[in-house]
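> Predicted model, plus sequence, below.
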Amino acid sequence: MKTGRNEYIAILFFGLGCLLIFGSIGYSNDISGWYRFEPQNTPEPGEIGMQEWLDIPAGRYGRIIRHDDKLIYNGKTIKLWGINLCYSACSPDKELANRRAAFYPKYGINSVRLHKYADGSGWAGIQTVDSFAEFEPEALDRMDYQIAKFKEAGIFTNLSAHFGTVKAGPVDKRDVPYIEEFGSFNKKKNRISCPHSAYFYSPEVQNLHIRQTVNLLKHRNPYTGLTYAKDPAIYVIEIINEQSVLFYTSMGPLQKSPTLRKLVAGQFSDWLKARYGSHDGLLRAWGQKALDGFQSEGFAAGEHLDKRNILPLGNPWYWDPVQLNGSQVYQRQRLLDSLEFLYLLQRRAYDRYVQAVRKAGYTGEILGSNWQAGRALSHYANLHTDYLVGMIDRHNYFGGEKKDQIINASMLSVPGLGMLSAGMQQVVDRPFMLSEWIHVFPNEWGAEGVAIIAAYGMGLQGWDVSYMFQNRDSGGFSDKIGRDRWDVTTPQVLCLFPAVARHVLRADVQESKVTARRYVHVPSLFKGMIGFDDKTIQQYDVKAFDSDKIPAQTLAVARSVVEFTNESQVTPKFDLSSYEKDGWLISTSGQLRWKSGSSKLDGCFTINTDATKAIVGFSKDQTFELENVTIQPKNHFSVIYLTAKEFNKDINSSKKILVVAIARARNTGMKLNESEDQILDRGESPILMESVRAKITLKRPGLPMVYLLDHDGLQTQKTLPVQNNTFEIDGNRDKTCYYLITY
């Protein structure tokens, strides 16, 4: 391997900034050969459309159900490949709802996550002006219509109500009488936001949250004739987005609310008394110094078990093994007890929600949250609470912008880097979902993310659901890059979907039969024991994960999972060396090969399955022999797919093979200073596509014809010359990213 173990750790856990130490490689800024991308956004299938791949209506065979680590529909496993819609985009006007329902299936999108549909009042969601739990009829009707149109098109819906937790209105004081301990109502602001983590402490906040969900589940959608609880097209409900009582926000609600301080201190003190018997017993276990140790965090002195005023305080920094055995050793037992109590509190909050929605008649999937809680002890305690609810969901992003600085690195430089490393949280007997992920603008390498998550996540790792993150779209391609930092409908991303969604929904990439398991015994966590050195770094939405015995690089070769055990069990070290050959990491099936890079813009991987062949990454002038297909890229960076058009065919048997060739995209006039990673000019419409050049050879009997497709995937009369089953694509000449090989 070009990248050694120590170098890998440095790259992964000092984040993307460390990748920048490799410096610029002098990547050309010349866009003179790029072509204008000008689709008509027609829903007509053409040669790329996937409408027939979706069963209509969604839910015609009943519910998607969870069985062990798979989602099952109509007796078979199902993969969901989708996108997000957020805030008012979840309840659009009917014209836009129709456009989306017609446009999405063409690109293989068979599920949509409606996120933050009830976050804010009026324009910001479907809530009424005065209440978190009640819905404005017209806004709800628009969301009803969108969901119904999705269902008709074969698109399943994930319900994710809000970002954060309860944002109460004046009417909601009847549910949470002490809501004004968190803020105040005024003429300009008719909402009070509960602090992050408050949900897990407060039964009243939980009740309000539950009432909102139950009100929606009991609502009958006039366009489907079904209540939300009974509609099988609503396949999963998220309890709470990006929240955990074990995260860094855990002390915030207790700092703000006297009511919650008294409630939680009483509960924790009673729990401690049941464990230690008396204040003296507590002191023998904790030590006197462990009391009154959080005054710097704003908590009063004078803690005593008999006063019932001891709080379960801490956060991932305190619970980190390094601190527990170092700076915080004097209050180690207090912190471990606090961790266990908060874990139980989070479990209880989830249990209350699950019981309420089941009572309301909903029998579909439920997931807890999609958030992290530090590393090691708190991390796995948090993961276990999600495990007990059901399927596992997580978020991760890559790249981004800080002031005028951009992080323009590639995930290909190190196997397991970036968004893929979220898979280190997959649990052996639960389905896994990555419900938010994308290369954040202005990172230019978004095409690699689509390829990596599809092949290694949804394929080799056996993930079940993917939702790329965006806030909104117009039911067609974006006309400008950077209108939103998160944008799925830019061409360097969405143009890949007709190839990528095919290999995902057809399950071309085999799931690894080899599993690298990290064994976690939950009771041992609360004794400060885990059995391996777990690493997690979180920089807002951008996260990285690793482990000493099962490194993140394992994600490139074998299925990496967590297994919760009934007793303590040793985690064996996974030997990557047997999967290394000539600088490549080769997957257990042999279908995927990943070569790491020597700079921030280097590295590549190949897909070699019966129905899909691809080269992804920095591979100029290399020759890739993929059995019956040879690809010779001429670009420094490119993503080139050949995939059988039909569901039940492969490269050798298909009468039609789709070729998709993508690199970068920029706005007209957009300028980046490559050496300094700065945006000099964001540019304007139309979007320009980098021209991909490559030589492609098929070793198959017959005389193929190669047609150019237009930007909507419709066949043109233009053809490419084919000699000895070889042809050359050239985006500058062809003005397209789509080609069709016919036999």
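Here it is on my side, so go on. This structure is a prediction, so every number in the text was calculated from the model and none was measured.
> Next up, the contacts around residue 42.
712, 714 (Cβ atoms under 8 Å, 6 or more residues apart in numbering). No exception for glycine: its C-beta is placed from N, CA and C like everyone else's.
> Next one: it from residue 33, what distance?
27 Å (Cβ to Cβ, to the nearest Å).
> Same check on residue 343?
Residue 343 is 57 Å from residue 33, by Cβ to Cβ.
> So these two - more neighbours on which side?
residue 343 (25 against 13; other Cβ atoms under 10 Å).
> where are the low-confidence patches of this structure?
Applying pLDDT under 70 to the chain picks out residues 1-28, 120-124, 401-406, 540, 674-677.
> ok, 50 please
1-26, 404, 676 (pLDDT under 50).
> I'd like to know which elements the helix or strand where residue 85 lies is packed against.
Using DSSP states H and E, residue 85 falls within strand 80-86. Under the contact criterion of 3 or more Cβ pairs under 8 Å, 6 or more residues apart in numbering; DSSP states H and E, strand 80-86 touches strand 111-115, strand 465-468, helix 497-505.
> Quick one: residues contacting residue 564.
So residue 564 contacts 384, 387, 427, 520, 521, 522 (Cβ under 8 Å, 6+ apart).
> What is the burial count for the second one?
Under the neighbour criterion other Cβ under 10 Å, residue 387 is assigned a count of 21.
> Isn't it up against residue 430?
Yes: Residue 387 is within contact range of residue 430, at 6.0 Å (criterion: Cβ atoms under 8 Å).
> and after the strand holding residue 85, which helix or strand comes next?
helix 94-103.
> Now that following helix - C-alpha only, PDB.
What follows is helix 94-103, C-alpha atoms only, in PDB (Å, rounded to 0.1, in the frame of the first residue of the first chain):
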ATOM      1  CA  LYS A  94     -49.200  20.500  -6.900                       C
ATOM      2  CA  GLU A  95     -47.400  21.400 -10.100                       C
ATOM      3  CA  LEU A  96     -44.000  20.900  -8.500                       C
ATOM      4  CA  ALA A  97     -45.200  17.700  -6.700                       C
ATOM      5  CA  ASN A  98     -46.200  16.300 -10.000                       C
ATOM      6  CA  ARG A  99     -42.900  17.200 -11.600                       C
ATOM      7  CA  ARG A 100     -40.900  15.500  -8.900                       C
ATOM      8  CA  ALA A 101     -43.000  12.300  -8.900                       C
ATOM      9  CA  ALA A 102     -42.500  12.100 -12.700                       C
ATOM     10  CA  PHE A 103     -38.800  13.100 -12.700                       C
END
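> residues in contact with it?
Under Cβ under 8 Å, 6+ apart, the answer for helix 94-103 is 41, 43, 92, 142, 145-146, 149-150, 152-153, 155, 473-476.
> redo that, cut-off 7 Å
Residues outside helix 94-103 that contact it (Cβ atoms under 7 Å, 6 or more residues apart in numbering) are 41, 43, 145, 146, 149, 150, 152, 153, 475, 476.
> Tell me which residues touch residue 81, please.
Counting by Cβ under 7 Å, 6+ apart, residue 81 has contacts 108, 109, 110, 466, 501, 504, 505.
> Report the secondary structure state of the residue of the chain positioned farthest from its centre.
Centroid-distance maximum for the chain: residue 280 at 47.7 Å, with Cα atoms, centre = their mean. At residue 280 the chain is in helix, as set by DSSP: H, G, I helix; E, B strand; the rest coil.
> Quick one: residues contacting residue 365.
By Cβ under 7 Å, 6+ apart, the neighbours of residue 365 are 64, 66, 235, 236, 390, 391.
> Relative to residue 638, how far out is residue 444?
Counting by Cβ to Cβ, the gap from residue 444 to residue 638 is 13 Å.
> Comparing the two, which shows the higher neighbour count?
Comparing residue 444 with residue 638 by other Cβ under 10 Å, the one with more neighbours is residue 638, at 27 against 24.
> That one: which element?
Assigned by DSSP H and E, residue 638 belongs to strand 637-644.
> what separates that strand from the chain centre, distance-wise?
23 Å (Cα atoms, centre = their mean, to the nearest Å).
> got it, and stretch 577-586?
Going by Cα atoms, centre = their mean, where stretch 577-586 is centred and where its chain is centred differ by 28 Å.
> got it, and stretch 35-55?
25 Å.
> buried sites along it?
35, 37, 39, 41-43, 45-51, 53-54 (16 or more other Cβ atoms under 10 Å).
> Now tell me what touches the helix or strand hosting residue 322 from outside.
Per DSSP H and E, residue 322 falls inside helix 321-324. Residues outside helix 321-324 that contact it (Cβ under 7 Å, 6+ apart): 317, 332, 335, 376, 377, 528.
> Quick one: neighbours of residue 627, just the number.
12.
> That one touches residue 608, doesn't it?
Yes: judged on Cβ atoms under 7 Å, residue 627 makes contact with residue 608 at a distance of 6.2 Å.
> Now do the same for residue 679: helix, strand or coil?
strand.
> Roughly how far does the residue farthest from the centre of the chain sit from residue 645?
76 Å.
> and if you look at residue 639?
On the measure of Cβ to Cβ, residue 639 and residue 645 end up 18 Å apart.
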